[in-house]
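# got a sequence here, can you model it:
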Amino acid sequence: MKLNQFYRYILIISIVLLAGLNAKGLAPIGNEEKIKLTMGEREWIYYKLNKDGLIYNDIGGQYDINDSIQVEIHSRTIIGSNSKNTKKYGFTVQINGNDPLELKYKKNKSKLRNSDRPGWDYTKKGVWYLYLPVQDLMNLEITPIDRKHVFLRLATSRIKKKGKFKNVLQTVNHQNKIEIKTVRTGNQKKDPIITSWYAVDEENQQQFRIKGPSKIRVFSRILFGDEQIKNAYYLLVKENGIDLGTYYFTTEISSESLVIKSQEPVSKWRSIWLTIPEGNHYYTFSLPNMNENKNQTVFIRLKEWDAE
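Numbering: from 1, shown residues only. Predicted coordinates:
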């Protein structure tokens, strides 16, 4: 099975669920080299990505077979102590032996320390997420793409859903909305559903001011032009100006939905969940500079979740 086919399947199932808060750390198989990074009293274990790569087996073994989980891949590299610049690094991720996906990051220095190597400094983390059913995840292999020192931490959490939706959120600068009409197949007698979305593309990003604590579901879908063939896209999310994570989606054209003004078709929607900490925070949505996002238009819609 191709990687895109695999992701299309797992995302369709998992997008209706809400991620839990308590992520559990994972260790690769074998006696791999690990380091302890600290900041104040907090500490995290990272594993060094060697030339042979890191392999994680039975990732969902601690969960029930019918659960869906979120897998987080946190990554960092070393950086000069006096460096004010960013550092580039990358690696590939392969799930269940499918086609590998290449991830690349550009990060500046963090405040984390390693007591065993006091002369080393580390970048801020790059984060990549997977949402999938336990029964579909057997193993995951991560391999280097160059000779740079890369350190990884994987964590999982069970995805939960308990509550109901409240408000649809508006952008801080009240950007123009795009209306999308959906006509449910087999229900032609009912009125079409009209929903409002915000457009994100290479030149435009969208920002929301959100008060926490709260749970937010972020819906996204892409515009399908006349010659549109790509069905994969990325969405970069920042919290208060700091990268929160890059999310990867695959989708397919919707036979029920289109943009009202242009009559252009759109994809089926995909979604992620955000946990908003207490206080007021700014969340910015943009397209990272990746090949899959070239000439892409992504529509987003945010809804607040009222947890029980």
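# distance check, residue 210 against residue 276.
The spacing between residue 210 and residue 276, counted by C-beta to C-beta, to the nearest Å, is 5 Å. Just so you know, the C-beta spots here come from the backbone N, C-alpha and C atoms, and that holds for glycine as well.
# common neighbours of those two, please.
residue 216 (C-beta atoms under 8 Å, 6 or more residues apart in numbering).
# any idea what residue 207 is bridged to?
residue 284 (DSSP bridges).
# so who does it touch?
171, 172, 173, 282, 283, 284, 285.
# helix or strand for the fourth one, which one?
Taking DSSP states H and E as the definition, residue 282 sits inside strand 270-286.
# for that strand, what is the distance to the chain centroid?
12 Å (C-alpha atoms, centre = their mean, to the nearest Å).
# okay, the residue nearest the centre of the chain: pLDDT?
In the chain, the C-alpha nearest the mean C-alpha coordinate belongs to residue 247, at 2.4 Å (C-alpha atoms, centre = their mean). At residue 247, the model reports a pLDDT of 84.
# could you find the closest non-adjacent residue to it?
residue 235 (4.9 Å; C-beta to C-beta, 6 or more residues apart in numbering).
# residue 287 too?
residue 293 (4.4 Å).
# what about that neighbour, distance to residue 201?
Residue 293 is 9 Å from residue 201, by C-beta to C-beta.
# spit out the residues that contact these two alike.
residue 287.
# between the two, which one's more packed in?
residue 293 (22 against 15; other C-beta atoms under 10 Å).
# below-threshold pLDDT in the stretch 151-300 of the chain: ranges please.
160-163, 186-189, 226-230, 291-292 (pLDDT under 70).
# so what strands line up beside whatever helix or strand residue 304 lives in?
Element membership for residue 304, per DSSP H and E: strand 298-307. Next to strand 298-307 in the sheet, as set by DSSP bridges, lie strand 163-168 (antiparallel), strand 193-200 (antiparallel), strand 206-222 (antiparallel).
# next SSE after the first one?
Put plainly, it is strand 163-168. strand 178-182.
# sorry, back to before: between the contacts of residue 207, which sits nearest residue 120?
For the contacts of residue 207, the minimum distance to residue 120 (C-beta to C-beta) is 30.8 Å, reached by residue 284.
# SS state for residue 135?
At residue 135 the chain is in helix, as set by DSSP: H, G, I helix; E, B strand; the rest coil.
# any regions of the stretch 1-150 of the chain where pLDDT drops low?
Checking the stretch 1-150 of the chain against pLDDT under 70 turns up 1-23, 133, 136-137.
# could you look up the SS state of the residue nearest to residue 247?
Classified using three-state DSSP, residue 235 is strand.
# residues in contact with it?
200, 218, 220, 246, 247, 249, 272, 285, 286, 287, 298, 300.
# now the strand holding residue 282 against strand 206-222, angle please.
140 degrees (axes from the mean of the first three to the mean of the last three C-alpha atoms, to 10 degrees).
# buried stuff in strand 270-286?
270, 271, 272, 273, 274, 276, 281, 283, 284, 285, 286 (16 or more other C-beta atoms under 10 Å).
# and which of the residues you listed is nearest residue 112?
residue 281 (22.1 Å).
# which two in the buried residues of strand 270-286 are spaced the farthest apart?
270 and 281 (23.0 Å).
# who's in contact with the residue nearest to the centre of the chain?
By C-beta under 8 Å, 6+ apart, the neighbours of residue 247 are 129, 234, 235, 236, 237, 272.
# bridged to it, which residues?
What pairs with residue 247, by the bridge criterion (DSSP bridges), is residue 129, residue 235.
# one more: the one 10 residues further on?
For residue 257, the beta-bridge partners under DSSP bridges are residue 182.
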